[in-house]
Each structure stands twice: as C-alpha cells, then as structure tokens.
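# Based on what follows, work out the 3D shape:
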Amino acid sequence: MAAPGGARRRPLLLLLFGLVHGASAVFVVKDGNGTACIMADFSATFLTSYDTRSGPQNKSFELPAGAEVSNSSSCGKENASDSSLVITFGRGHTLTLTFTRNATRYKVQLMRFAYNLSDTDTFPNSSFTGVKTVESATDIRADVNTTYRCASETRIHMGSVVVTLRAAAIQAYLSSSSFSRAETRCAQDLPTPTTPPQPAPTPAPASPVVFRYNVSGSNGTCLLASMGLQLNITYRTVDNETVTREFNVNPNKTTFGGSCSTTLATLSLHSENLLLLVLQFVMNESSSKVFLQGVQLNLTLPDAEDVSFTATNSSLRALQATAGNSYKCNTEQRLQVTSTFSLNLFRVWVQAFRVDGDKFGPVEECQLDENSMLIPIAVGGALAGLVLIVLLAYLIGRKRSHAGYQTI
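Numbers count the residues shown, from 1 in each chain. Predicted structure coming up:
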C-alpha cells in the first residue's frame with residue numbers, strides 16, 4: 001500500500017523479545033522505520049466454555065511462552081489511531097488488542113479472542129469445529145506518554161470466554177522504543193480512598209413499557225416478541241467518575257424493523273440516542289432449539305468521556321425454547337452482554353421461527369417463574385402440615401382425657 005506522497009511504506013517490523021518469566025513475555029510492534037509503537041508485557045489465562053456431546057465443558061489454559069506477534073499487527077495511520085497488537089499461539093488461537101487515542105489519553109478500545117475449536121488438544125470432544133470469535137470493550141486506558149501498569153488481576157468478560165491479565169504493562173503510541181517511566185496505574189492497584197458521604201443516588205427509572213414487536217419476511221412472520229427493554233450501562237463520565245445507569249427503551253419514540261432468513265431472525269431498534277440495538281435469534285437445526293445468540297448496542301451518552309458507547313456479544317444462549325414454541329418469563333431477567341452492558345428484559349414473551357400468523361405457540365416457562373411458584377406452594381404445604389399436627393395433638397389429648405373416667 002502506498003504511503004501519502006507516493007512513497008511506499010516499508011514492511012512492518014514485528015518482534016517478540018526473549019524475556020520470558022513463566023508465561024509472561026514482552027510483545028513489541030514496530031513500524032517500517034524500526035520504531036516501536038506498541039509494547040505489552042503480561043501473562044494471561046483463558047477460561048472458555050464450549051459444547052461437547054456430553055454437555056457444556058469448561059477449559060482453562062495459559063498464554064504460552066511461545067506466543068508470537070502476528071504480521072497483521074499495525075501501528076495504525078501515522079501512528080495516531082487504530083493501532084493493534086495481534087498475538088497468535090497454539091493451533092490457530094489469536095488475541096487482539098485494538099488501541100485508539102485522543103489528545104490526552106489512549107486505551108484498548110476492543111479486545112478480541114479467536115479460538116480454534118478444531119484444536120482437539122485444547123478442546124477435546126468439541127461438538128463444533130472451526131474458529132469462534134468473541135470480543136468486548138475494556139477499561140484499559142492511560143494518559144498519553146505513560147505506561148499502563150496493573151499488578152492486580154484484570155478480567156475481561158467476552159460471553160463464553162473470560163480473559164485474565166496479570167502483572168500487565170502496556171503502552172501504545174510510544175515516544176521512544178521503551179516503556180515510559182511515567183505510569184498510569186489501574187484502579188485496582190490504587191488505595192481505596194476515604195470519601196465523604198455522597199448524595200443519594202439518582203433513583204432507577206420505573207419499569208419500561210411492554211411493547212409488542214414483530215418482524216416479517218417473504219414467508220410471513222419470523223419473530224414475535226412482547227417485552228419491556230432496559231439498558232444497564234457502566235461508563236466513565238467527563239468528570240472521570242465511573243457510573244452505572246439504566247435507560248428504558250421507550251417504544252413510543254423508537255422505530256423497529258428486522259430481517260428473516262432460514263436460521264436467523266433479527267430485531268433492530270433505534271431512536272434519537274439509541275442509535276442501534278440489535279437482537280439476533282438463531283435456530284439450531286440439529287437440536288431444533290431457538291435462542292438469542294447476539295446483541296449489539298450503539299448508544300450516545302452525552303455526559304460520557306466517550307460519547308459513543310458500543311457493545312457486542314455474538315455468543316449468547318438466552319431465551320431458549322424448542323422451535324415452534326414460545327419462551328415466556330414474567331420475572332425480570334438481566335442478560336449480561338459485556339462487562340459494562342447488561343440488557344434487562346421485563347415480562348418477555350418471544351417466539352422466533354415457525355410463527356403461526358400473529359399468535360404465539362405453546363409456552364415454555366422460564367426457570368425464574370417456576371422457582372417463584374415453588375415458594376407459595378412450599379409455604380402452603382408447611383401451613384397445612386402444621387394444621388394437621390395441631391389437629392392430631394388435639395384428638396390424642398382428648399382421647400386420653402376420656403380414658404381417665406369409668407362408667408358407674
């Protein structure tokens with residue numbers, strides 16, 4: 001690719017230093033001039049959940065000492081934005097850190113992990129093969145020209161995968177070919193401050209309005225949903241405070257649409273601040289199970305440090321029912337999409353695929369509703385047992401009192 005002015009860029013130089021401490025190594029990305037633009041020193045553990053023929057299986061493994069920097073790593077355009085560190089290891093596994101910056105700070109905008117389920121040594125008896133990809137935003141950020149350092153463990157939740165970084169030192173957009181002496185410490189390493197009493201928090205909004213959504217294609221309705229939606233967002237404000245707030249999706253100010261295919265039904269919603277909320281339902285043809293697999297959010301937060309908030313997870317398994325049936329749950333459900341975003345669903349009743357007109361199919365109740373019904377049943381049974389015990393005690397006592405008299 002030609003650089004500005006017609007000059008050709010030199011090939012990107014990539015280096016993995018031989019400084020290994022257990023499973024820790026220093027990863028360095030250099031540009032064509034031999035100048036380092038990214039340095040990272042950390043160890044990592046991956047905890048994954050994958051399907052086998054005998055059910056879900058958890059697998060934990062370390063980032064090995066032999067991990068290497070991939071040729072697809074990049075210093076970005078003019079060393080200003082979109083830099084990335086791509087680390088490859090094992091049989092086709094890839095960890096990617098994508099960096100962005102503004103005038104004063106840089107951060108790991110996105111962490112992506114692609115793992116190869118065909119690797120039978122790491123994922124024995126996997127029901128699926130091929131590469132699966134998960135990703136999430138992170139809280140890894142630092143001032144420009146400083147090193148991000150975190151001695152504490154940092155966990156990044158990405159759906160079916162949790163990545164734990166330890167003893168991390170990371171710096172992008174370097175001014176020299178070494179870590180800066182100036183540091184930005186992670187929040188976990190800082191002492192807990194003694195804070196004065198805080199004002200009462202802003203009360204949570206009332207429950208969202210329940211609305212009926214439908215998506216149709218050439219073969220009729222493929223998705224029918226009645227539910228209230230609430231967004232639970234954690235973000236950093238312009239005042240450098242981390243806050244968690246809830247936003248109701250108002251159907252009266254929201255437009256919706258979607259698409260239908262054989263095994264994918266998509267519901268899309270957007271309004272003034274809710275730029276996009278996408279719910280993707282899939283059908284597993286081998287098991288005839290339908291479930292919510294993907295959620296994508298793009299939201300504007302006027303008081304946030306980063307005004308545009310994005311979150312994506314394409315490896316969920318929620319709201320599951322058999323094809324032709326509907327899923328129903330009157331109890332509020334919280335669906336954790338990423339570490340900073342959860343989707344709260346109220347009085348949800350949904351059916352994807354094999355929808356008969358505008359009618360829901362046979363209902364499959366959620367476990368939360370079933371558990372809530374067990375409580376009054378258990379209490380009623382206990383009260384009935386207590387009444388029976390009192391009655392038996394009364395009858396026995398009465399019989400004994402009659403036995404003390406003789407007929408003359």
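# residue contacts, the residue lying closest to residue 219 once chain neighbours are set aside?
Excluding its sequence neighbours, the residue lying closest to residue 219 (C-beta to C-beta, 6 or more residues apart in numbering) is residue 260, at 7.2 Å. (C-beta placed from N, C-alpha, C; glycine too.) Contact analysis of residue 260 by C-beta atoms under 8 Å, 6 or more residues apart in numbering lists 215-219, 222-223, 266.
# Low-confidence stretches in the stretch 101-250 of the chain?
193-204 (pLDDT under 70).
# one step back: make TSV out of the contacts of residue 260 and add secondary structure, distance to residue 100 and neighbour count.
Below are the contacts of residue 260 laid out as TSV (DSSP: H, G, I helix; E, B strand; the rest coil; distance: C-beta to C-beta, whole Å; neighbours: other C-beta atoms under 10 Å):
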residue	secondary structure	distance to residue 100	neighbour count
215	strand	34	22
216	strand	39	16
217	strand	37	14
218	coil	41	6
219	coil	42	9
222	strand	37	26
223	strand	35	23
266	strand	28	20
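# Kindly indicate which of these lies nearest residue 90.
Here the nearest of the contacts of residue 260 to residue 90, counting by C-beta to C-beta, is residue 266; it sits at 33.3 Å.
# my guess is the closest one contacts residue 279, does it?
Yes: if you go by C-beta atoms under 8 Å, residue 266 and residue 279 touch, sitting 7.1 Å apart.
# The residue most central in space within the chain: what's it in contact with?
For the chain, the residue sitting closest to the mean C-alpha position, by C-alpha atoms, centre = their mean, is residue 338 at 2.4 Å. Residues near residue 338 by C-beta under 8 Å, 6+ apart: 136-137, 157-158, 311-313.
# Tell me the helix or strand right after the helix or strand encompassing residue 99.
Per DSSP states H and E: residue 99 is located in strand 93-101. Tracing the chain C-terminally past strand 93-101 and defining elements by DSSP H and E, one meets strand 105-116 next.
# Each with direction, which strands does that following strand pair with?
In the sheet, strand 105-116 lines up against strand 93-101 (antiparallel), strand 131-136 (antiparallel), strand 141-143 (antiparallel) (DSSP bridges).
# neighbouring contacts of that strand?
With C-beta under 8 Å, 6+ apart as the test, strand 105-116 has contacts from 46, 48, 90-101, 122-123, 130-138, 140-144, 156, 158, 161, 163, 170, 172-173.
# make it 6 Å
For strand 105-116, contacts defined as C-beta atoms under 6 Å, 6 or more residues apart in numbering pick out 91-100, 131-136, 138, 140-141, 143-144, 156, 161, 172-173.
# Quick check: PyMOL command selecting the buried ones in those residues.
Only the buried entries of the contacts of strand 105-116 go into this PyMOL selection, using 16 or more other C-beta atoms under 10 Å:
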select buried, resi 93+94+95+96+97+98+99+100+132+134+135+136+138+140+141+144+156+161+172+173
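# all strands in the stretch 251-400 of the chain, in order from the N-terminus.
For the stretch 251-400 of the chain, the strands defined by DSSP state E, counting those that start in this stretch occupy 255-260, 264-270, 274-284, 289-300, 308-313, 318-322, 326-329, 333-338, 341-352, 363-365.
# mind listing what's buried in the third one?
The one in question is strand 274-284. Quick answer for strand 274-284 (16+ other C-beta under 10 Å): 274, 277-283.
# got the CA positions of it in CSV?
What follows is strand 274-284, C-alpha atoms only, in CSV (Å, rounded to 0.1, in the frame of the first residue of the first chain):
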residue,chain,number,x,y,z
LEU,A,274,-30.3,4.7,20.9
LEU,A,275,-28.5,4.6,17.6
LEU,A,276,-28.9,0.9,17.3
LEU,A,277,-30.0,-2.1,19.4
VAL,A,278,-30.0,-5.4,17.5
LEU,A,279,-31.2,-8.8,18.9
GLN,A,280,-30.3,-11.8,16.8
PHE,A,281,-32.2,-15.1,17.3
VAL,A,282,-30.9,-18.3,15.7
MET,A,283,-32.2,-21.8,15.2
ASN,A,284,-30.0,-24.8,15.7
